[in-house]
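Q: heads up, no residue letters with this:
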């Protein structure tokens, strides 16, 4: 698998400014989403699944009823954050816009 | 919300024999599923989502790429296991049959 460049701490800080609601938690780019109910939460997950598949960049995520928590990290960058994580986070945020 | 009867330890043991692959982990009925890839894993999740919505009984679950872990517990039984959990586990197993 092709190596992907890990971002520096400075680059991560710069990128974080571009993805509202996301923070770095345990080295992963994380955001929690709340919806009115399960139908809306899973509808959102279905949208994210399509984006992830197109990007070939898949989240670690969990759901309980109306809550979805997404963690992004780049395996091909040594489980560090890369531009791929921020690109997908931006695409996910755009779903809510 | 209507109260749901929590199963006794004996009832849980009896029910576990009916749901292949599921075990009780931290008080929840849990099974891990592995698929060939994300498309298949998320396809399975979509099927489970429909079953859960019909049953009005929603899992706590997580996914990374081809792996799905489902935890079932009944909030309306005081976060204990009820027949609802085993009924949904049986329906989920039937998806794989």
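A: Thanks, I have it. If you're wondering where the values come from, they're calculated on a predicted model, not measured in any experiment. Numbers count the residues shown, from 1 in each chain, chains lettered A, B, ... in the order given.

Q: which residue packs closest to the residue in chain A that chain B sits nearest to, ignoring adjacent ones?
A: Closest to chain B within chain A is residue A:62: 3.9 Å, counting by C-beta to the nearest C-beta. (Glycine included, C-beta is placed from N, CA and C.) Taking C-beta to C-beta, 6 or more residues apart in numbering or on different chains, and ignoring the residues beside it in sequence, residue A:62 has residue B:62 as its nearest neighbour in space, at 3.9 Å.

Q: hang on, the residue of chain A closest to chain B in a strand?
A: Yes - counting by DSSP: H, G, I helix; E, B strand; the rest coil, residue A:62 is part of a strand.

Q: how close does it sit to residue B:97?
A: 26 Å (C-beta to C-beta, to the nearest Å).

Q: Between the two, point out the one with more neighbours.
A: residue A:62 (18 against 4; other C-beta atoms under 10 Å in any protein chain shown).

Q: So which elements touch the longest helix along chain A?
A: Counting by DSSP state H, the longest helix found in chain A is helix A:38-55. Contact analysis of helix A:38-55 by 3 or more C-beta pairs under 8 Å, 6 or more residues apart in numbering or on different chains; DSSP states H and E lists strand A:60-64, strand A:67-72, helix A:83-95, helix B:38-55 as its packing neighbours.

Q: hmm, 7 Å instead?
A: Where contact means 3 or more C-beta pairs under 7 Å, 6 or more residues apart in numbering or on different chains; DSSP states H and E, helix A:38-55 is packed against strand A:67-72, helix A:83-95, helix B:38-55.

Q: Give me the contacts around it.
A: A:33, A:35, A:58-59, A:63, A:65-68, A:88, A:91-92, A:95, B:38-39, B:42, B:46, B:49, B:53, B:58 (C-beta atoms under 7 Å, 6 or more residues apart in numbering or on different chains).

Q: what's near enough to touch residue A:28?
A: Contacts of residue A:28 (C-beta under 7 Å, 6+ apart): A:71, A:72, A:73.

Q: How about the residues of chain A by chain B?
A: A:38-39, A:42, A:46, A:49, A:53, A:58, A:60-65 (C-beta under 7 Å from any C-beta of the partner chain).

Q: Swap in 8 Å and give it another go.
A: Residues of chain A lying near chain B by C-beta under 8 Å from any C-beta of the partner chain: A:38-39, A:42, A:45-46, A:49, A:52-53, A:58-65.

Q: between those, which is closest to residue A:78?
A: Distance to residue A:78 across those (C-beta to C-beta) is lowest for residue A:60, with 15.8 Å.

Q: ok, and the most crowded of the residues of chain A next to chain B?
A: That'd be residue A:59 among the residues of chain A next to chain B, by other C-beta under 10 Å, with 27 neighbours.
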